[in-house]
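*Asks:* Have a look at this fold, sequence not included:
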């Protein structure tokens, strides 16, 4: 639509210039100069309008993509919360879990190593929710890792892997950890 407007304005300019012509001294007549100025102004305004429309469309697409990512992350968090809720008699054990550095595998999925240290005097199992976040702290994905029995005073390792490919700067945090 806007391209048609720019073309129409341009064609109008050509028509005005053809009808007005030049003066006898070879210079453009004042009417032609005035028409050219109006045409240039209209073309610039139309181009700005087209650019604004493109920027608006790009912003809408980015917003839709952000909503999809947010929806997937919310779904992953809900599933993780559900898995944690199924643990009966679990005690908070976030202090028992340390995370390594996040890496992105060849499949695009984020991975992080968990080191779970059982500070208790008897063996325990652990269920840990790891949130993968972007640099701003927005949750991109959430996973739950079950660590089988960890002997008293021992440390066990496990790996948390995102459910889908993640891009950009990805960080990991222990959202919740239960010992039982």
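*Replies:* Looks like it arrived, so ask away. Quick caveat, the model's predicted, so the values are computed rather than measured.

*Asks:* SS state for residue 176?
*Replies:* On the three-state scheme (DSSP: H, G, I helix; E, B strand; the rest coil), residue 176 is labelled strand.

*Asks:* secondary structure class for residue 73?
*Replies:* Quick answer, by three-state DSSP: residue 73 is helix.

*Asks:* Report the contact partners of it.
*Replies:* 138-142 (CB atoms under 8 Å, 6 or more residues apart in numbering). Bear in mind the C-beta positions are built from the backbone N, C-alpha and C, glycine included.

*Asks:* ok, 10 Å please
*Replies:* By CB atoms under 10 Å, 6 or more residues apart in numbering, the contact list for residue 73 reads 131-134, 138-142, 163-164.

*Asks:* what number of residues lie near the nearest residue to residue 122 once chain neighbours are set aside?
*Replies:* Distance criterion CB to CB, 6 or more residues apart in numbering; nearest residue to residue 122, sequence neighbours excluded, is residue 152 at 5.4 Å. The local packing of residue 152 (other CB atoms under 10 Å) involves 11 other residues.

*Asks:* For residue 152, which residues are in contact?
*Replies:* By CB under 10 Å, 6+ apart, the contact list for residue 152 reads 118-124.
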